[in-house]
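> structure of the sequence below:
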Amino acid sequence: MKKEYWIIIIVYIVMQLSSLVGLPLLIVSFESLGINQSLAVPIWLIASFSIALLIILYLLRKEMSNKRSLDAHGSPLGNSVLWAFLGIFLAYFAQIAAAMIETMLGVEMGSENTENILHIIDTLPLAVLVTSIIGPILEEIVFRKIIFGSLYKRFNFFISALISSVVFALAHMEPSHILLYSAMGFTFAFLYVKTKRILVPIFAHVSMNTLVVLVQLVYKDDLEKLQREAEAIQNFIGGFL
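From the prediction side, this is the model:
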């Protein structure tokens, strides 16, 4: 793996861990200035993710113009656009299929990660830029372009996608939903290999996250009702088995 790639991975890890030190300091600063402390989390999130993205894009400036890179031999623009839109549906299909399997295995519905994200957006709507745009871009660069791309040079698609997708899943800190996140990781890896353009899985990932957030915010009450009904049906069926 190239030196720049290792630096990018370190930048990403530091960004994820930065809240352990930076967030408490920001909360104390807000308290002394009389600013609402609940704003500290979304503001730190926006700042840390934005800075990390700028640093990573700077480190990739030569890679973007390198004709020997995987993206340099990408599929025609029309084909890439088609797969970008198809990728949204593929990601949703993979997510639904994985969720159904998790339900059959007894994994509880719902995601604590999604609930935390929605709470942050409720506190500061501008944070949607991180959850829907900046975050997915960073994840596709790190987990697909760098980790998957580096593995794909040595192994076949399945092994490369499996390793990178499991790492992608574990990074979301929800081990109970490892199948769900891994399924999406496989989908985005497929889109990257199919088109050889990292912008394609980025577009699909950004679109999927944006739609999920919008649906969760607009139909929050209806979704909670459906979830309770689904859990009731699952418990009812489970009583007979």
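
> pLDDT below threshold where in this structure?
Along the chain, segments meeting pLDDT under 70 span 66-73, 110, 219-241.

> residue nearest the centroid of it?
For the chain, Pro136 is the residue whose C-alpha lies nearest the centre (CA atoms, centre = their mean; 4.8 Å).

> give the contact list for it.
Residues counted as contacts of Pro136 (CB atoms under 8 Å, 6 or more residues apart in numbering) are Ile202, His205, Val206, Asn209. (C-beta placed from N, C-alpha, C; glycine too.)

> most surrounded residue in those?
Ranked by neighbour count (other CB atoms under 10 Å), the contacts of Pro136 have His205 at the top, with 26 neighbours.

> distance to Ala91 and secondary structure added to the contacts of Pro136, as CSV?
Formatted as CSV, these follow (distance: CB to CB, whole Å; DSSP: H, G, I helix; E, B strand; the rest coil):
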residue, distance to Ala91, secondary structure
Ile202, 12, helix
His205, 7, helix
Val206, 11, helix
Asn209, 10, helix
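
> now the strand or helix carrying Gly22: buried residues?
Using DSSP states H and E, Gly22 sits in helix 19-33. Residues of helix 19-33 classed as buried by neighbour count (16 or more other CB atoms under 10 Å): Leu23, Leu26, Ile27, Phe30.

> restricting to C-alpha, output it in CSV.
Presented in CSV, the C-alpha positions along helix 19-33 are these (Å, rounded to 0.1, in the frame of the first residue of the first chain):
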residue,chain,number,x,y,z
SER,A,19,-14.0,13.5,19.8
LEU,A,20,-12.6,11.7,22.9
VAL,A,21,-10.4,14.8,23.5
GLY,A,22,-11.8,17.6,21.4
LEU,A,23,-15.4,17.2,22.3
PRO,A,24,-15.0,17.6,26.1
LEU,A,25,-12.9,20.7,25.5
LEU,A,26,-15.5,22.1,23.2
ILE,A,27,-18.3,21.5,25.7
VAL,A,28,-16.3,23.2,28.5
SER,A,29,-15.7,26.2,26.1
PHE,A,30,-19.3,26.4,25.2
GLU,A,31,-20.3,26.3,28.9
SER,A,32,-17.9,29.2,29.7
LEU,A,33,-19.2,31.2,26.8
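
> outside of that helix itself, list whatever touches it.
Ile35, Asn36, Gln37, Leu39, Ala40, Val41, Ile43, Trp44, Leu45, Ser48.

> how much space between the second one and Ile159?
This points to Asn36. For Asn36, the distance to Ile159 (CB to CB, to the nearest Å) stands at 48 Å.

> likewise the last one?
Using CB to CB, Ser48 is found at 32 Å from Ile159.

> who has more neighbours, the two?
Taking other CB under 10 Å, Ser48 and Ile159 do not tie; Ser48 has more neighbours (20 against 12).
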